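1. Just need the structure, nothing else, for what follows:
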Amino acid sequence: MLGMIALGTVRGRGYTSDEIRFFTSSAEHVGLGIERLQLLQSVMRSQRNWVSVIDSLKDMVLVHDQDFRLIKLNRVMQQRLGRPYHELVDQPCAKDLPRALGTRWERCPYCDGGAQAGQGADPCFGGRSLVSSSYYEDAASAVRATVHVIHDGTDRYASEERYRRPFEQVKEGVFTSTPSGRIRDCNGAFAKMLGYEHREELFHLDIARDLYSASWQRERFCQAFAESNYLKN
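-> The predicted model follows:
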């Protein structure tokens with residue numbers, strides 16, 4: 001039930017069965033029109049909400065079709081490009097997106113061997129970025145689109161480099177490991193202390209089995225560390 005259609009006349013009168021069928025049919029058509037309008041408004045509301053969600057992301061988002069023409073951008077990407085939205089959409093990626101110094105790409109910076117596989121040098125804006133890519137197909141138009149979400153990791157990479165530089169240069173052996181006994185990272189000094197030429201050789205070792213003279217020493221170390229969260233000598 002969507003509503004009621006009321007007919008008013010200045011004096012009473014009767015209606016034939018044909019007139020009643022006509023009024024009923026008209027009311028059904030009006031009802032269908034209202035229903036379609038409400039559905040359209042609901043879809044538009046949902047689309048606006050989705051756009052708001054995408055625009056609220058701090059990461060850059062761009063969507064292009066199979067011909068590498070931009071379909072959508074979020075606000076962060078649009079602001080990074082520094083141009084009005086209507087000038088960017090429906091344009092080739094190669095026309096709208098900049099090229100970082102020393103990079104070469106033709107169709108899309110994140111499809112042509114850029115940072116699409118993960119973290120690396122950003123072929124579009126420079127610096128470092130972490131890119132995730134996915135695909136979807138519009139059921140109505142059968143247009144296949146690619147979605148790139150680009151996280152700017154330049155500051156984080158610089159911070160990690162500031163940490164790694166002294167980590168690599170100190171003469172003392174430094175390593176990090178998992179509780180299960182796998183080395184996650186170590187510096188060159190630690191590898192040399194144990195007689196290895198490259199630190200990567202240690203990553204597949206079991207600490208308790210391969211590095212301690214007896215496995216119970218590792219167990220005792222972990223137990224003592226768990227109790228005080230700090231050990232010395």
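2. switch to C-alpha atoms for all contacts and neighbour counts from now on
-> Noted.
3. Next secondary structure after the lengthiest helix in the chain?
-> Looking across the chain with DSSP state H, the single longest helix is helix 17-56. Per DSSP states H and E, the first helix or strand lying C-terminal to helix 17-56 is strand 60-65.
4. Report the central residue of the protein.
-> Central residue of the chain (Cα atoms, centre = their mean): Val149, 4.2 Å from the mean position.
5. Roughly how far does the residue nearest to Lys72 when sequence neighbours are not counted sit from Arg48?
-> Among residues not flanking Lys72 along the chain, Val63 sits closest, at 5.1 Å (Cα to Cα, 6 or more residues apart in numbering). Here the criterion is Cα to Cα, to the nearest Å. By it, Val63 lies 17 Å from Arg48.
6. do the same with Gln217
-> Taken as Cα to Cα, the span from Gln217 to Arg48 is 61 Å.
7. one step back: which one of Val63 and Arg48 has more residues nearby?
-> Val63 (21 against 12; other Cα atoms under 10 Å).
8. surely that one meets His148?
-> Yes: look at Val63 against His148 with Cα atoms under 8 Å: they come within range, at 6.4 Å.
9. Helix, strand or coil: sort out the residue nearest to the centre of the chain for me.
-> On the three-state scheme (DSSP: H, G, I helix; E, B strand; the rest coil), Val149 is labelled strand.
10. Quick check: bridge partners of it?
-> Val61, Ser132 (DSSP bridges).
11. Who are the contact partners of it?
-> Asp59, Met60, Val61, Leu62, Val131, Ser132, Ser133 (Cα atoms under 8 Å, 6 or more residues apart in numbering).
12. at 10 Å what do you get?
-> 57, 59-63, 74, 77, 110, 116, 129-134 (Cα atoms under 10 Å, 6 or more residues apart in numbering).
13. What's the separation between it and Pro109?
-> Relative to Pro109, and taking Cα to Cα, Val149 is found at 12 Å.
14. where along the chain do the strands fall?
-> Assigned by DSSP state E, the chain shows strands spanning 60-65, 70-73, 119-121, 128-137, 144-152, 175-177, 183-186.
15. No further questions, thank you.
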